[in-house]
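Novice: 3D model of this:
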Amino acid sequence: MNRIVPLILAVALFMEQMDSTVISTSLPAIAHDIGVGPITLKLALTSYMVALAIFIPLSGWMADRFGAKRIFRAAILVFVAGSVLCALSGSLVAFVLSRFLQGMGGAMMTPVARLVLVRSAPRSELVSAMALLTIPALVGPLAGPPLGGFITTYFSWHWIFLINVPVGVVGYVLSGIHLPEMERRNPPPVDILGFLLGGIAAAGVVFGLSVISLPALPPAVGLASVSAGIVASLLYVFHARRHPAPVLDLSLFRDGAFRAASIGGTIFRISVGAVPFLMPLMLQVGFGLNPFESGLITFIGAVGAITTKFLARRVLAFAGFRTTLIVAAVIAAVMTFANSFFTPATPYLVMLLILLVAGFARSFFFTSVNALSFADIADADASKATSMSAVLQQISLALGVAVAGAILEIETTVSGGPLTVRDFHVAFMLIAIANLLAAIPFLTMAKNAGASVSGHRLPIPAAETTAGK
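Specialist: Got it, this is the predicted structure:
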């Protein structure tokens, strides 16, 4: 496999990760500038993720129909356009809509990039390929918090979105030169009804949970949105069982490895999606740090994540998917719970160590669960699995932000005062429970599940060895 291909594809992940981490550290400044509260601005985070969840189901079909290379390059242009509009936004509505446009581009970029990788890499090299794809992308979260904090503190938050312009141009040019032309396929006609139901389901639940406690909108709006999302979800299940080619194929869940990876990964990402929202807010609102200082502390998690990528294949070959995922989930839960003990008096070295280990554990989990999702999936179903995995990923991350914001809103409503450090402590404790629950789906999984991808082999019992002599 040509190694320049995953490096080019990583441009998409780089822009997304850079964008999300830059915004997290700059939320208070952006909120102040457009005249809303920091928690209200979570609509901008969830609007991006909602757009991803709505349009990702079409990514696999469009890649098959029009060619993965063409869709990937077009998506980069849409994402860059959304970034420019974010920089020009002067109101909450404009900012939310611009983020939604970014999400439309991101909905095609990352899933199509992963699809190209899955189809071009042999199964025995899938773990290494996934790791190679994400190493450059992790430069985004490494540079995002301190860079975003520096720009916001000493210049203006508007410039943090313009970072995507040169990166996008480089990615667009290099993908045109080096990305291979993937063979077009002849997919069945797009499932329009399924697309509409799936979009309403994802948008309704995520948006509803995000606004249900916002003072700007009546709670009834959020409740109605969630209810509509739940109804649409049930209708989609009924529809998908009868449609010959549903936009999201539920039959994928018959595969045990894919089912475990989807359920466990979804629960885990709800927790992970909450942390980038909670930590910068606690450091700035609770501890009084500026965005640059906050970014310098939170960036350490990406260092742990990058280190993991060089060890993932060896660890999975030694321990297998089951053990690696369970241990990573438990360690991540312990580290997330430890965040609830942070105070302004906590030594920075202690914070950095805990965040470093947390990034290490989360990266091991993500590398493992992403590879496990495709371990037993046939090549013909790769695009379906890519779309399903990406939708679940974005919905869970969006739910993490929504749940974290809801916890803080409830805390401030009960206390009747502004946000305090204690409110963040409660949120981290509750989020840590989700981390721990993510290990449950893997407890019943076979120890050698996905061995064709991980390379893990169980030791031969001594009795069998003796009998064979």
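Novice: going forward, measure contacts and count neighbours with C-alpha atoms only.
Specialist: OK.
Novice: so where's the stretch 1-150 of the chain shaky on pLDDT?
Specialist: For the stretch 1-150 of the chain, applying pLDDT under 70 flags the ranges 1-3, 17, 20-21, 24, 39, 119-145.
Novice: same question, the stretch 301-450 of the chain
Specialist: For the stretch 301-450 of the chain (pLDDT under 70), the answer is 304-305, 309.
Novice: how about the strands in it?
Specialist: Assigned strands in the stretch 301-450 of the chain: none (criterion: DSSP state E, counting those that start in this stretch).
Novice: can you show me the helices along it?
Specialist: 312-338, 348-373, 382-415, 421-437, 440-443 (DSSP state H, counting those that start in this stretch).
Novice: so for residue 286, which of the ones you listed sits nearest?
Specialist: helix 421-437 (5.0 Å; Cα to Cα).
Novice: which other residues reach that closest one?
Specialist: By Cα atoms under 8 Å, 6 or more residues apart in numbering, the residues outside helix 421-437 that reach it are 264, 267-268, 270-271, 274-275, 278, 282, 286-287, 329-330, 332-334, 336-337, 339-343, 404, 407-408, 411-412.
Novice: and with 7 Å instead?
Specialist: Identification of contacts with helix 421-437 by Cα atoms under 7 Å, 6 or more residues apart in numbering yields 267-268, 271, 278, 282, 286, 329-330, 332-333, 336-337, 339-341, 404, 407-408, 411.
Novice: please parse the chain into its domains.
Specialist: Listed domain ranges for the chain are 4-190+247-455, 191-246 (source: automatic domain parsing).
Novice: out of those, indicate the one that is most buried.
Specialist: Across the domains of the chain, averaging neighbours per residue (mean count of other Cα atoms under 10 Å) puts domain 4-190+247-455 on top, at a mean of 21.
Novice: helix/strand/coil for residue 180?
Specialist: coil (DSSP: H, G, I helix; E, B strand; the rest coil).
Novice: can you tell me the closest non-neighbouring residue to it?
Specialist: residue 69 (7.2 Å; Cα to Cα, 6 or more residues apart in numbering).
Novice: picking up where we left off before, format the helices of the stretch 301-450 of the chain as a markdown table; extra columns: distance to residue 115.
Specialist: Listed next are these as a markdown table, based on distance: least, Cα to Cα, whole Å:
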| stretch | distance to residue 115 |
| --- | --- |
| helix 312-338 | 20 |
| helix 348-373 | 12 |
| helix 382-415 | 6 |
| helix 421-437 | 27 |
| helix 440-443 | 25 |
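Novice: and those helices: which comes nearest residue 79?
Specialist: Using Cα to Cα, the nearest of these to residue 79 is helix 382-415, at 16.2 Å.
Novice: for the residue lying closest to residue 326 once chain neighbours are set aside, grab phi and psi.
Specialist: Nearest non-adjacent residue to residue 326, counting by Cα to Cα, 6+ apart: residue 439, 4.9 Å away. Main-chain torsions, residue 439, degrees, to the nearest 10: phi -80, psi -20.
Novice: surely residue 439 and residue 265 touch.
Specialist: No - counting by Cα atoms under 7 Å, residue 265 is not a contact partner of residue 439; they are 9.1 Å apart.
Novice: list the contacts of residue 31.
Specialist: With Cα under 7 Å, 6+ apart, residue 31 has these contacts: 37-38, 41.
Novice: surely residue 270 touches residue 394?
Specialist: No - the criterion here is Cα under 7 Å, and residue 270 misses it with residue 394 at 9.4 Å.
Novice: about what we covered before: including secondary structure and distance to residue 373, could the contacts of residue 31 go into a markdown table?
Specialist: Output for the contacts of residue 31, formatted as a markdown table (DSSP: H, G, I helix; E, B strand; the rest coil; distance: Cα to Cα, whole Å):
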| residue | secondary structure | distance to residue 373 |
| --- | --- | --- |
| 37 | coil | 39 |
| 38 | coil | 36 |
| 41 | coil | 33 |
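Novice: okay, those residues in TSV with distance to residue 98 next?
Specialist: Listed next are those as TSV, based on distance: Cα to Cα, whole Å:
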residue	distance to residue 98
37	19
38	18
41	13
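Novice: which one of those residues is nearest to residue 198?
Specialist: If you rank those by distance to residue 198 using Cα to Cα, residue 41 comes first, at 25.0 Å.
Novice: from residue 427, how far off is the closest one?
Specialist: 18 Å (Cα to Cα, to the nearest Å).
Novice: please apply the same query to residue 256.
Specialist: In terms of Cα to Cα, residue 256 sits 32 Å off from residue 427.
Novice: and the gap between the nearest residue to residue 4 once chain neighbours are set aside and residue 59?
Specialist: Distances taken as Cα to Cα, 6+ apart put residue 178 closest to residue 4, at 7.6 Å, once the chain neighbours are dropped. Look at residue 178 and residue 59: by Cα to Cα, they are 21 Å apart.
Novice: now the helix or strand residue 230 falls within, how far from the chain's geometric center?
Specialist: Assigned by DSSP states H and E, residue 230 falls within helix 219-240. Its chain's C-alpha centre and that of helix 219-240 lie 23 Å apart, by Cα atoms, centre = their mean, to the nearest Å.
Novice: and it, what does it pack onto?
Specialist: Applying 3 or more Cα pairs under 7 Å, 6 or more residues apart in numbering; DSSP states H and E, one finds that helix 219-240 contacts helix 192-211.
Novice: could you give the angle of the helix it packs on to helix 382-415?
Specialist: 20 degrees (axes from the mean of the first three to the mean of the last three Cα atoms, to 10 degrees).
Novice: and helix 192-211, average pLDDT?
Specialist: Average pLDDT, helix 192-211: 83.
Novice: and the angle for it with helix 219-240?
Specialist: Compare the direction of helix 192-211 with that of helix 219-240 by the same axes, to 10 degrees and you get 150 degrees.
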